[in-house]
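Enquirer: The sequence isn't on hand, but the structure is:
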């Protein structure tokens with residue numbers, strides 16, 4: 001029978017969790033109720049995992065948390081403890097889905113609790129915070145959030161609908177997971193690739209070529225969260241190589257756009273010595289929301305309304321030069337085989353002749369700043385020419401093959417260096 005884990009604060013949300021437990025049982029699921037609250041649980045609500053055990057898993061005690069009277073510290077500790085408890089339940093085969101409900105504190109506990117769970121394990125949070133910025137709760141994981149509409153303060157005619165839907169969703173996903181046949185073994189090496197709408201043709205060409213070469217390609221949308229997810233997956237050790245064709249999130253980090261992945265973007269592969277091929281894809285743009293949300297200081301800049309919810313701003317010559325310097329520094333610090341590909345004909349679909357972001361002078365400033373950092377291949381095409389994506393794919397395959405040979409037989413069997421390496425002949429200009 002499928003099992004749903006309920007994790008939440010039974011001191012403040014006991015009635016709601018009792019209702020959810022009963023509903024999930026009616027839907028044919030077993031339930032494990034985890035108490036992540038600091039106070040005494042609501043009368044008549046008994047957890048399967050007591051708050052004392054959760055606190056201990058978080059490295060403290062309920063008595064200490066109550067005595068300190070620090071709500072922020074208590075939320076942090078119970079979130080850490082709940083994460084440990086959930087990891088144990090997953091390891092024991094007692095968690096096919098996780099469901100939580102709460103306000104800001106309960107949502108924070110739940111978000112920490114599910115953060116390290118495997119991708120694909122259903123994770124649902126019904127929250128009063130879900131209509132705003134949910135990035136602190138979702139992060140780069142597959143967390144589903146539902147806005148509670150009304151505050152989670154009792155079961156009433158509105159909350160009953162919302163909580164009922166959440167219970168049905170959790171039950172359905174848990175049953176599907178529990179009943180699913182084992183995934184067939186797939187031994188293909190994994191490659192992570194970064195993509196944006198304005199670099200899609202390039203990544204499609206590379207992905208098709210890598211598939212023919214025997215790889216499975218995981219594509220990440222360069223929206224900030226996508227870049228963080230890519231970096232996190234590389235950190236996990238599951239990735240054989242990275243095709244980082246779309247580094248646009250660095251432009252948002254520099255200029256102040258809404259899709260920054262943070263200053264650590266483009267560092268994980270280099271830090272772990274993972275083979276990578278990189279391009280300055282979509283560095284010509286910074287992302288904002290609807291046109292009226294663009295900061296006033298950018299009013300005179302080259303703006304392009306991509307769609308009603310996305311406005312793009314062309315990066316200037318100085319910004320492109322700084323982006324080139326930042327990319328160069330990150331790549332030069334890489335400990336593994338790294339090759340930079342430069343599309344001399346334009347870095348995005350908007351950066352070609354006749355398109356609004358075409359600016360060869362700005363691009364040249366970026367390319368000049370990239371010179372000499374690592375082995376570089378310059379192709380006299382724009383980034384979305386099919387030959388560009390295929391060339392990156394072929395070069396990554398070479399790097400992965402040589403890296404694997406070197407790891408198996410020692411450095412003398414084949415190696416790559418970064419700075420000062422001559423470009424390969426495959427289409428380099």
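Expert: Sure thing, it's come through. These numbers were taken from a predicted model, which means no experiment stands behind them.

Enquirer: for this structure, what spans make up the helices?
Expert: Listed in chain order, the helices of the chain (DSSP state H) span 10-26, 51-57, 62-68, 71-91, 104-114, 135-138, 159-179, 200-212, 225-235, 249-255, 268-272, 317-332, 360-370, 386-409.

Enquirer: out of those, nearest to residue 1?
Expert: helix 159-179 (7.4 Å; C-beta to C-beta). The way it works is simple: take the backbone N, C-alpha and C, and place the C-beta from them, glycine included.

Enquirer: Just put the helices of the chain in TSV and tack on mean pLDDT.
Expert: Output for these, formatted as TSV (pLDDT from 0 to 100):
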stretch	mean pLDDT
helix 10-26	96
helix 51-57	97
helix 62-68	95
helix 71-91	96
helix 104-114	95
helix 135-138	86
helix 159-179	96
helix 200-212	98
helix 225-235	93
helix 249-255	98
helix 268-272	97
helix 317-332	98
helix 360-370	98
helix 386-409	94
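
Enquirer: how about a markdown table for those, with distance to residue 346 and mean neighbour count added?
Expert: Output for the helices of the chain, formatted as a markdown table (distance: least, C-beta to C-beta, whole Å; neighbours: other C-beta atoms under 10 Å):
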| stretch | distance to residue 346 | mean neighbour count |
| --- | --- | --- |
| helix 10-26 | 53 | 20 |
| helix 51-57 | 53 | 21 |
| helix 62-68 | 57 | 15 |
| helix 71-91 | 45 | 20 |
| helix 104-114 | 40 | 25 |
| helix 135-138 | 31 | 16 |
| helix 159-179 | 43 | 18 |
| helix 200-212 | 11 | 20 |
| helix 225-235 | 22 | 21 |
| helix 249-255 | 15 | 23 |
| helix 268-272 | 25 | 21 |
| helix 317-332 | 12 | 20 |
| helix 360-370 | 7 | 19 |
| helix 386-409 | 10 | 19 |
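
Enquirer: For residue 194, find the nearest of those helices.
Expert: Of the helices of the chain, nearest to residue 194 by C-beta to C-beta is helix 225-235, at 6.0 Å.

Enquirer: packing partners for the closest one?
Expert: Counting contacts by 3 or more C-beta pairs under 8 Å, 6 or more residues apart in numbering; DSSP states H and E, helix 225-235 packs against strand 190-195, strand 216-221, strand 241-246, helix 268-272.

Enquirer: again, 7 Å this time
Expert: Under the contact definition 3 or more C-beta pairs under 7 Å, 6 or more residues apart in numbering; DSSP states H and E, helix 225-235 sits against strand 190-195, strand 216-221, helix 268-272.

Enquirer: what's the angle from it to strand 241-246?
Expert: 160 degrees (axes from the mean of the first three to the mean of the last three C-alpha atoms, to 10 degrees).

Enquirer: mind listing what the spatially most central residue of the chain touches?
Expert: The residue lying closest to the centre of the chain (C-alpha atoms, centre = their mean) is residue 229, at 2.3 Å. When contacts are counted by C-beta atoms under 7 Å, 6 or more residues apart in numbering, residue 229 is found next to 140, 220.

Enquirer: what's the spacing between it and residue 143?
Expert: 12 Å (C-beta to C-beta, to the nearest Å).

Enquirer: what do you get for residue 221?
Expert: In terms of C-beta to C-beta, residue 221 sits 17 Å off from residue 143.

Enquirer: ok, those two, which is more surrounded?
Expert: Legend: neighbour count by other C-beta atoms under 10 Å for residue 221 and residue 143, higher for residue 143 (20 against 17).

Enquirer: now the more buried one, nearest residue through space, not along the chain?
Expert: The spatial neighbour of residue 143 that comes closest, neighbours along the chain excluded (C-beta to C-beta, 6 or more residues apart in numbering), is residue 123 at 4.7 Å.

Enquirer: pLDDT score for the one you found?
Expert: Residue 123 is assigned a pLDDT of 97 by the prediction.

Enquirer: OK, contacts around it?
Expert: For residue 123, counting by C-beta under 7 Å, 6+ apart, the contacting residues are 98, 114, 117, 142-144.

Enquirer: Now for those: which two are most distant?
Expert: 117 and 144 (12.7 Å).

Enquirer: of those two, who's got more company?
Expert: More crowded of residue 117 and residue 144, by other C-beta under 10 Å: residue 117, with 21 against 16.

Enquirer: OK, contacts around the more buried one?
Expert: 86, 90, 98, 123.

Enquirer: gap between the second one and residue 175?
Expert: Spatial separation of residue 90 from residue 175 under the definition C-beta to C-beta is 17 Å.

Enquirer: List the residues that contact residue 282.
Expert: Contacts of residue 282 by C-beta under 7 Å, 6+ apart are 196, 198-199, 246, 248, 347-348.

Enquirer: how about those, which pair is most distant?
Expert: Between any two of these, the greatest separation by C-beta to C-beta is 10.6 Å, found for 196 and 347.

Enquirer: Mutual contacts of the two, please.
Expert: 281-282.

Enquirer: The two: which has the busier surroundings?
Expert: The neighbour comparison of residue 196 against residue 347 (other C-beta under 10 Å) goes to residue 347, with 34 against 24.

Enquirer: For the more buried one, which residues are in contact?
Expert: Residue 347 touches 280-284, 363, 383, counting by C-beta under 7 Å, 6+ apart.

Enquirer: repeat for residue 45
Expert: Residue 45 makes contact with 10, 14, 17-18, according to C-beta under 7 Å, 6+ apart.

Enquirer: which one among these gets closest to residue 294?
Expert: residue 17 (43.5 Å).

Enquirer: Roughly how far does the residue nearest to the centre of the chain sit from residue 239?
Expert: 12 Å.

Enquirer: again with residue 187
Expert: According to C-beta to C-beta, residue 187 stands 15 Å off from residue 239.

Enquirer: Looking at those two, which has the bigger crowd around it?
Expert: Set side by side, residue 187 and residue 239 show more neighbours around residue 239, with 21 against 6, by other C-beta under 10 Å.
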